[in-house]
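Asker: whatever this is, show me its structure:
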Amino acid sequence: MAGRIPEELINEVRNSVNIVNVIGQYVSLEKKGKDYIGLCPFHQEKTPSFTVNEEKQFFKCFGCGKGGNVFKFIMEKEHLNFPESVRVVAQTANIPLPETQGSRTYTLSPLKQMYKDTAEFYNFVLVDTQLGERGRQYAQKRDLDDEIIKHFQIGYAPERPNDLFKYLSKKYDEQLLSQSGLFVQGEDGTLYDRFRDRLMFPLGDEAGYTVGFSGRRISENKEIAKYVNSPETKIFNKSKLLFHFSEAKKEARSKQKNESQLILYEGYMDVIAAYKAGVKTGIASMGTSLTDSQVSLIKQVTPNIIINYDGDSAGVHASERAIKMFASKKQVNPYASSNDERNLSVVSLPDGMDPDEYVKKYSAKAYRQALSNAQPAIDFLLSRLAKRYDLTNTNEKEKFARAAISLIVQATDDSLKQGYYLNEIAKKTEISVDLLKPEWNRQQIARNRVNRKIFRNTLSQSRRLDDEQVTSPAVEEQVDKNVVLDRLLYLFIHSNKARDLILSKHFLFPVESYARLEEQWLQFQEMHQNPNVESFVDFVSPTNLSTIVTNFEMNQMPPIEDETLEQEIDDLIQAVNAEKLDNELKKLKEEIEDAIQKNDNNKVLQLSKKIINLRRTEKEGGLL
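Answerer: Prediction:
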């Protein structure tokens, strides 16, 4: 299916881009809740029904039915086959692929090419010209050696007002120059360089292409802004990008899974300071608070994330906020301990220090050790929570205990972890575990009640078993929209325990398309050491069946609860069988009406006996 492109490269390409950014080049998207909405590019519509889910990395049009991952979108939009679509996305991600006969060549957009030329210009000025002497002196003062300058492509914007304009105007027309964000326009319409006498830090997109700049003031004149950043353009949206992301993710992916990690910092200089200390997987938001888009980018690379914001009160508050944002992303368990496969942890440096200050005072080795000893997120939150209460006061102890129990109940289903933290709460409050357990049980029941309500809502919708066609008319095979079957297949794919339970109950999917997906998932599991749904949609054949997977991945599925999993599966199977029974009864009644019109009394009697037997089966709770 993937032609000559190795599967591991296909996975790398898919994981290296954000589908929102790719589709955003074709469709004007507006964020609504967790999704992005726009007018479908595949059919005419006045009301947006085209949805892109950043967390799942899928798109879906609820009008024409088209859906899938980033490769599917490019296939549909550019009329390409699968290998060609992979190559287009790989070009965006700046990932080299093996050459194949007849492969196409894709070039950068004019604006991205302009920014590439600009980054090279600034770097050349800093490194190789007399104009850059002032910048070199400042770089030396900030301990930015040749290796750092080369790696981060740091440059210098000269003091003169139009050096960059003169350079770029030889290659680009003035209209594009005026739209680039690299210049400001005077009252007479003349374009002047936006950045002057500044050390220049290129800001790259997720593929590593320069799309903006941050200029650091060299002058001691404090009336001049310390930093000047590029304005938003067609290719630069700082809320969707992370500084040093492309380089950091390559470094992270070169490690073993349990060693792969990203370290999240507050600013560019923190990333650079960490890099000088030997930490090469640092990233930072671009002068803004962390955004959902940035969290989604991070989780595509690794589940192992360390937050190392400044140790002052603002940094600690930002760390708490970041943990909550990661908590909303199901693929990362933000509360896992450092020994878990999925891990979010926090480093709080002493005395409000940033990484550069810490390294200078204690050494690069000490800083790397501090990262190794990062505190699991749940411990960090509990320690922060404890500081809000006076634990020498009985009433305050009780309040803390309730708040801490609520935190733990929401954070983990692991009974061993729950037991450990319950004991920790008991130690802090001097309240025995036996006295804490009733509150613990009460909050567990409350949380389970919420989960069951979500499940019941899903189940009640499923009993309608809507048979409407959700694929485009061009698709030959109809794909049934069935909430119960969606949930069963979702469980089958996402939980090994659910898969084994469904197979042990000898349940057969009554719709051929779901049965084929079940079979193909089993084949896919046998062929892959770490099977995942993102890769599975490229494996599915015929490809239109992937619409079913896209549908339930785009929907808000209830979480999988191991303790109630078997009961949920039994309820779902019962719902399927109840619908089968209803359909069979309906069919028999229609046949009886037909026999009555034909005065075929023997057939009426025969069919009536069948209905009686089916009613008895229904009453006894039997299965068809």
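Asker: and residue 36, what element?
Answerer: Element membership of residue 36 [criterion: DSSP states H and E] is strand 35-38.
Asker: that strand pairs with which strands, parallel or anti?
Answerer: strand 30-32 (antiparallel), strand 50-53 (antiparallel) (DSSP bridges).
Asker: residue 517: which of the ones you listed is closest?
Answerer: Among those, the nearest to residue 517 by C-beta to C-beta is strand 50-53 (19.5 Å). Backbone N, C-alpha and C define where each C-beta goes, glycine included.
Asker: what does the closest one rub up against?
Answerer: 19-20, 23, 27, 29, 34-41, 58-63, 553-554 (C-beta atoms under 8 Å, 6 or more residues apart in numbering).
Asker: how about 10 Å then?
Answerer: 18-20, 22-24, 27, 29, 31-32, 34-43, 58-64, 66-67, 70, 73, 296, 550, 553-555 (C-beta atoms under 10 Å, 6 or more residues apart in numbering).
Asker: take those residues and keep only those in strands.
Answerer: Counting by DSSP state E, the contacts of strand 50-53 place 31, 32, 35, 36, 37, 38, 58, 59, 60, 61, 67 in strands.
Asker: which residues does the fourth one bridge with?
Answerer: Residues in a beta bridge with residue 36, per DSSP bridges, are residue 31, residue 52.
Asker: residue contacts, it?
Answerer: 19-20, 23-24, 27-30, 48, 50-54, 59, 293.
Asker: re the thing from before, of the contacts of strand 50-53, buried ones?
Answerer: Among those, those buried by neighbour count (16 or more other C-beta atoms under 10 Å) are 18-20, 22-24, 27, 29, 35-40, 58-61, 63-64, 66-67, 70, 73, 296, 550, 553-554.
Asker: report the buried residues of the host helix or strand of residue 14.
Answerer: Residue 14 is located in helix 7-15, with elements delineated by DSSP H and E. Neighbour-count burial for helix 7-15 flags 9, 10, 11, 12, 13, 14, 15 (criterion: 16+ other C-beta under 10 Å).
Asker: reformat those as JSON lines; add pLDDT.
Answerer: Below are the buried residues of helix 7-15 laid out as JSON lines (pLDDT from 0 to 100):
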{"residue": "9", "pLDDT": "82"}
{"residue": "10", "pLDDT": "86"}
{"residue": "11", "pLDDT": "84"}
{"residue": "12", "pLDDT": "82"}
{"residue": "13", "pLDDT": "87"}
{"residue": "14", "pLDDT": "88"}
{"residue": "15", "pLDDT": "85"}
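Asker: re earlier: hmm, who's touching the helix holding residue 14?
Answerer: With C-beta under 10 Å, 6+ apart, helix 7-15 has contacts from 1-3, 5-6, 57, 69-71, 82-83, 85-93, 95-98, 249-250, 253, 300-301, 527-528, 530, 532, 534-535, 537-539.
Asker: among those residues, which ones are in helices?
Answerer: 70-71, 82-83, 85-92, 249-250, 253, 527, 534-535, 537-539 (DSSP state H).
Asker: from those, list the buried ones, please.
Answerer: Buried, going by 16+ other C-beta under 10 Å: 70-71, 82-83, 85-92, 249-250, 534-535, 537-539, out of those.
Asker: still on that earlier bit, now find how far off-centre the helix holding residue 14 is within its chain.
Answerer: 16 Å (C-alpha atoms, centre = their mean, to the nearest Å).
Asker: how far away is residue 437 from residue 48?
Answerer: According to C-beta to C-beta, to the nearest Å, residue 437 and residue 48 sit 50 Å apart.
Asker: ok, these two, which is more surrounded?
Answerer: residue 48 (19 against 14; other C-beta atoms under 10 Å).
Asker: quick check: closest non-adjacent residue to the more buried one.
Answerer: Distance criterion C-beta to C-beta, 6 or more residues apart in numbering; nearest residue to residue 48, sequence neighbours excluded, is residue 37 at 4.7 Å.
Asker: pLDDT below threshold where in the stretch 501-624 of the chain?
Answerer: 582, 604, 607, 610-611, 613-624 (pLDDT under 70).
Asker: at which residues are the helices of it located?
Answerer: For the stretch 501-624 of the chain, the helices defined by DSSP state H, counting those that start in this stretch occupy 512-527, 533-539, 546-554, 565-597, 601-620.
Asker: mind putting the ones you listed in a markdown table, distance to residue 352 included?
Answerer: Conversion of the helices of the stretch 501-624 of the chain to a markdown table gives the following (distance: least, C-beta to C-beta, whole Å):
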| stretch | distance to residue 352 |
| --- | --- |
| helix 512-527 | 50 |
| helix 533-539 | 41 |
| helix 546-554 | 43 |
| helix 565-597 | 47 |
| helix 601-620 | 69 |
